[in-house]
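>>> here you go, sequence then predicted model.
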Amino acid sequence: MTIFTPQIKGFLDEPNLNAQGKVYRGRFACYEVQWTDTGCDAFATFTITAAELADACESRILWTDQSVQRGIKPGSEKVAEKELSLSEGYPDSRRYILRESKR
């Protein structure tokens, strides 16, 4: 079986290694990644458990972009942050579009 990995600027050609010469997994690793298309149209998919997702959130490595998610309320008193860490929970509904009933 040939593993397809698209050439994308910023992606490593080979994984980093730890002191023992084994693959360094870092804070989060994606296994059995499946790629579609190539170049700027490349898209990767993989499956993780709810526990892995929660750990990634707590590690502050997952963020939302409010300009494409719930959104920033027009006319907010203060400047609202565009990117929010999932580890901080639901954003302040005074600044962000949020349905309290969907919590």
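Cool, the structure landed.
>>> pull up the distance across stretch 83-95, start to finish.
13 Å (C-alpha to C-alpha, to the nearest Å).
>>> same thing with stretch 90-97?
11 Å.
>>> check which residues of that stretch are buried.
Within stretch 90-97, the residues that count as buried by 16 or more other C-beta atoms under 10 Å are 91, 95-96. In short, each C-beta sits where N, CA and C put it, glycine included.
>>> for that stretch, what is the average pLDDT?
Stretch 90-97 comes out with an average pLDDT of 73.
>>> with stretch 20-29 instead?
89.
>>> starting at the chain centroid, how far to it?
A distance of 18 Å separates the centroid of the chain from that of stretch 20-29, by C-alpha atoms, centre = their mean, to the nearest Å.
>>> partners of the helix or strand of the chain with the lowest mean pLDDT, with directions?
One helix or strand of the chain scores below all others by mean pLDDT, DSSP states H and E: strand 63-65, with a mean of 78. Applying DSSP bridges to the sheet, strand 63-65 is found paired with strand 83-85 (antiparallel).
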